[in-house]
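*Asks:* coords below, sequence missing:
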C-alpha cells in the first residue's frame, strides 16, 4: 500500500472552547496515511483582546508542523510590532522566525525531541529541561541562542509545513497563510476565501521560483514539492544572495485583514485534506446544515472528517485531515458595514487556482 495503511486510523483528537467573543471546535484525524503530520494551535485568549488559531500541514515529516504549533504564536506575541498594535508585521516576522529558530544546535535539539528521536524524560541540555508534567520544553533563557556543539552548523530541516493562522482582535480578523491550507469565512451563508493556495503554477510563484534558480516539473517545485511557500524545506532556501522572501520556497505569508460584521457566521481553518474533497462553498453549506441540529462544534468537525474520508486507499480523501471551526457570538455590532461590501464569490478550481477574497476595509 506504499504510504497508505491497510485500514484508516479514524480515531480523532478533538477539542472545544469559548470566550465572550467566540466559540470554537476542532478535530484532527490521521486517516489512511501511514503517519500523522498535521498539527494545530487554538488559543482563544492569546491576550485579553486577541484570539489565535492555526493549522499546520507537514510534509516529509511531522516535526516542522509540531514546531510551528508550539512556537509560532509565541513569536507573534514576542515581536515588538505586536505591542505596537501592528499584527501584520508581527505575524510575518513570526513566520520567518520559525525558519531561523530551526537552525543551529538548539533548533536541532528541539526538532529531535518533537520527532521523538530523544528520550523526553532524560533530555537535559544547557538552557533546556524536559518537564514530563507539562509535556513541553521549558526555556530557562529568554533568547534563542545557537549553542556550540556538533550540530551548531545545522542548516535546518529538509521537511516542511504549511501554516495558515487566523487572529481575531476586537472587530478585525487577520489571516496569514503560506501553503495550501485554507481559511474560509461564511458571510450570510456565502463562502469567501481569506487565503490563497500557494501552488507552483501561480504566476507570481512561478516567477520567483525560476528567478531563484528553481524549476517546475509536473506541477512540482524542482520536481518534488507541490507547494510554492512553506515553513521549513531549508534545502530550497540556501541562496545566500537572496532574501528570505525571494528564495525558491519562501515562508513569506500572504496577509489579509477584514473587518467583521454581524453578517459573519463563522470561519474555518483546514488543511488540504479537507479542500481536496469539498469546495469552500460546499463546506460552508454542510456546516450550516449540521449546526441546525448539532451545537458542539468539534462534533461538526468530526462529521466533516468522516464525510471526506475515502472508502478505499488512494486518491482524494486519503490525506491527514485537520479542521478548526470558529463561530462568532452575536452581535459583533460593527457600524463599518452600513453599505454592503462588494465581495467576489468565485471558488478556486484546478483551472483557476485564484480564490475569492474579501477586500480589506
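*Replies:* Here it is on my side, so go on. Values in this document were obtained by computation on a predicted structure and should not be read as measured data.
*Asks:* wait, a helix at residue 325?
*Replies:* No. Looking at residue 325 with DSSP: H, G, I helix; E, B strand; the rest coil, it is strand, so not inside a helix.
*Asks:* residue 24 versus that one, what's the distance?
*Replies:* Using C-beta to C-beta, to the nearest Å, residue 325 is found at 6 Å from residue 24. For the C-beta atoms, the positions are set from N, CA and C on the backbone; glycine is no exception.
*Asks:* what is in contact with those two at once?
*Replies:* Taking C-beta atoms under 8 Å, 6 or more residues apart in numbering as the contact rule, residue 325 and residue 24 both touch residue 297.
*Asks:* quick one, phi psi at residue 38?
*Replies:* Residue 38 adopts backbone torsions of phi -90, psi 160, taken as degrees, to the nearest 10.
*Asks:* isn't it up against residue 58?
*Replies:* Yes. If you go by C-beta atoms under 8 Å, residue 38 and residue 58 touch, sitting 6.6 Å apart.
*Asks:* quick one on the thing from earlier: and residue 325 and residue 24? Which one has more around it.
*Replies:* Neighbour totals were compared for residue 325 and residue 24, and residue 325 leads with 26 against 23 (other C-beta atoms under 10 Å).
*Asks:* contacts only, for residue 287.
*Replies:* 186, 266, 268, 300, 304, 325.
*Asks:* number of nearby residues for the fifth one?
*Replies:* What it means is residue 304. Neighbour tally, residue 304, other C-beta under 10 Å: 24.
*Asks:* quick check: mean pLDDT of the helix or strand encompassing it?
*Replies:* Per DSSP states H and E: residue 304 is located in helix 297-308. Regarding helix 297-308, the rounded mean pLDDT is 98.
*Asks:* surely residue 324 and residue 266 touch.
*Replies:* No. Assessed by C-beta under 8 Å, residue 324 is found out of contact with residue 266, at 10.3 Å.
*Asks:* between the two, tell me which one has more neighbours.
*Replies:* residue 324 (26 against 21).
*Asks:* what's opposite the more buried one in the beta bridge?
*Replies:* residue 26, residue 269 (DSSP bridges).
*Asks:* residues contacting it?
*Replies:* With C-beta under 8 Å, 6+ apart, residue 324 has these contacts: 24, 25, 26, 40, 42, 53, 55, 268, 269, 270, 301.
*Asks:* if we go to 6 Å?
*Replies:* By C-beta atoms under 6 Å, 6 or more residues apart in numbering, residue 324 lies in contact with 26, 53, 269.
*Asks:* what of residue 90?
*Replies:* So residue 90 contacts 76, 79, 81, 82 (C-beta under 6 Å, 6+ apart).
*Asks:* quick one: residue 287 is in a strand?
*Replies:* No. Read with three-state DSSP, residue 287 is helix and lies in no strand.
*Asks:* from the contacts of residue 287, pick the one nearest residue 242.
*Replies:* Residue 242 lies nearest to residue 268 out of the contacts of residue 287, by C-beta to C-beta, at 34.5 Å.
*Asks:* burial check on the closest one, number of neighbours?
*Replies:* 26.
*Asks:* most neighbours of all the contacts of residue 90, which one?
*Replies:* residue 76 (25 neighbours).
*Asks:* what's the spacing between that one and residue 229?
*Replies:* 18 Å.
*Asks:* can you check residue 313 too?
*Replies:* For residue 313 relative to residue 229 (C-beta to C-beta), the value is 29 Å.
*Asks:* quick check: pLDDT value at the closest residue to residue 34 other than its chain neighbours.
*Replies:* Spatial nearest neighbour of residue 34, excluding adjacent residues (C-beta to C-beta, 6 or more residues apart in numbering): residue 3 at 5.4 Å. At residue 3, the pLDDT value in this model is 84.
*Asks:* nice, that's everything, thank you.
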